[in-house]
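Q: okay, here's the prediction I keep looking at, along with the sequence it came from:
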Amino acid sequence: MKKALEKHQEERSRGVSRSNIRDFILGFQDGLVNTLGLVLGVASAVQSSNLVLISGLVTTFAESVSMAAVAYTSTKAAREFYEGQLEREKKEIREIPHMEVQEIKDIYYKKGFRGKQLQSIVKKITSNNKLWLETMMAEELRLFPEDYEKPVTSAIIVGLSAVVGSLVPVLPFFFLDVSSGMLYALILSIAVLFLVGSVKGKLTIGSWKKSGVEMAAVGTIAALVGYAVGSLLGVVYA
């Protein structure tokens, strides 16, 4: 029993870590990619380092606050949905227990359990209402409380990571002219995106190389779109 409890707590800790990683990647990637496209577009249109810096910094903080707010409201809404489903499962266990027992049996039957072993598992789970409820939420609905339990933490992680990500393509313009700043902003951003994507791949079951290339490719596409739009506007309004 002690080992089972330790395993359960370890899985919950991993769940929290997964949520934190997801929030960091979301904020960092979105902040970097959006700001990269914007600064390259502005730089190609106006050819002014000061304007690029102003637009980049305004975007950095506006984007970060916006993303933090979205992260908070979406996580809070997801938590409320989880709580609603939790109450529904509690009611069903209380009012139609025979159907819920059959659902537990079906779940573990699909996992390959048969005969006395299956009956023993079903009896063990359904003899404890807390375990029964947790099993229904996780195995039937695929809902895990650790993914929704901290909206404020999620908002802080997303907001701060968005600030960090957004500053990456802005930094070169503090020290370089517009043309050089554009080149180094692109190179630096793609390199950082590849690095973050690779780390994400290492922490998950995917290939770190594929993950790094995918994230870098997203940044490159955003940069090209931003540059193309900026160049077009620069010609139109020149």
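A: Happy to help now that I have it.
Q: how close does residue 64 get to residue 157?
A: Residue 64 sits 11 Å away from residue 157, taking Cβ to Cβ, to the nearest Å as the criterion. (Glycine included, C-beta is placed from N, CA and C.)
Q: go on, residue 201?
A: Noted for residue 201: a distance of 20 Å to residue 157, by Cβ to Cβ.
Q: how about the nearest residue to residue 192, chain neighbours excluded?
A: Spatial nearest neighbour of residue 192, chain neighbours left out: residue 168 (5.3 Å); criterion: Cβ to Cβ, 6 or more residues apart in numbering.
Q: any residues in contact with both of residue 64 and residue 157?
A: Residues within reach of residue 64 and of residue 157 at once, by Cβ atoms under 8 Å, 6 or more residues apart in numbering, are residue 27.
Q: which residue of the chain lies farthest from its centroid?
A: No residue in the chain sits farther from the centre than residue 116, which is 41.9 Å out by Cα atoms, centre = their mean.
Q: next up, phi/psi of residue 47, please.
A: phi 60, psi 40 (degrees, to the nearest 10).
Q: burial of the nearest residue to it once chain neighbours are set aside, as a residue count?
A: Of all residues not flanking residue 47 in the chain, residue 178 sits nearest, at 5.1 Å (Cβ to Cβ, 6+ apart). Neighbour count of residue 178, defined by other Cβ atoms under 10 Å: 20.
Q: now residue 178: how far from residue 53?
A: Residue 178 is 10 Å from residue 53, by Cβ to Cβ.
Q: then residue 173?
A: 5 Å.
Q: which of the two has more neighbours?
A: More neighbours surround residue 173 than the other of residue 173 and residue 53, with 26 against 17 (other Cβ under 10 Å).
Q: next secondary structure after whichever strand or helix holds that one?
A: Assigned by DSSP states H and E, residue 173 belongs to helix 172-175. Remark: after helix 172-175, the chain's next helix or strand is helix 178-203, criterion DSSP H and E.
Q: in that following helix, what counts as buried?
A: For helix 178-203, burial by neighbour count (16 or more other Cβ atoms under 10 Å) applies to 178, 181-182, 184-186, 188-190, 192-194, 196-201.
Q: which elements pack onto the following helix or strand past that helix?
A: Where DSSP H and E defines the elements, the next helix or strand beyond helix 178-203 is helix 208-236. Helix 208-236 is packed against helix 2-46, helix 178-203, with contacts defined by 3 or more Cβ pairs under 8 Å, 6 or more residues apart in numbering; DSSP states H and E.
Q: so which of those is nearest residue 162?
A: Shortest distance between residue 162 and the helices and strands packed on helix 208-236, using Cβ to Cβ, is found for helix 2-46: 3.5 Å.
Q: low-confidence ranges in the chain?
A: Within the chain, the ranges that satisfy pLDDT under 70 run 1-19, 147-149, 203-206, 230, 233-238.
Q: chain center to stretch 95-103: distance?
A: 35 Å (Cα atoms, centre = their mean, to the nearest Å).
Q: and what of stretch 88-102?
A: That offset, for stretch 88-102, works out to 33 Å (Cα atoms, centre = their mean).
Q: using CSV, list the CA coordinates for it.
A: Provided in CSV are the C-alpha atoms of stretch 88-102 (Å, rounded to 0.1, in the frame of the first residue of the first chain):
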residue,chain,number,x,y,z
ARG,A,88,-21.4,13.9,-12.3
GLU,A,89,-19.3,10.8,-11.7
LYS,A,90,-20.0,11.0,-7.9
LYS,A,91,-23.7,11.1,-8.6
GLU,A,92,-23.5,8.1,-11.0
ILE,A,93,-21.6,6.1,-8.5
ARG,A,94,-24.2,6.9,-5.9
GLU,A,95,-27.3,6.5,-8.0
ILE,A,96,-26.4,3.8,-10.6
PRO,A,97,-23.5,1.9,-9.0
HIS,A,98,-24.1,-1.3,-11.1
MET,A,99,-23.5,0.6,-14.3
GLU,A,100,-20.3,2.2,-12.9
VAL,A,101,-19.1,-1.2,-11.8
GLN,A,102,-19.6,-2.5,-15.3
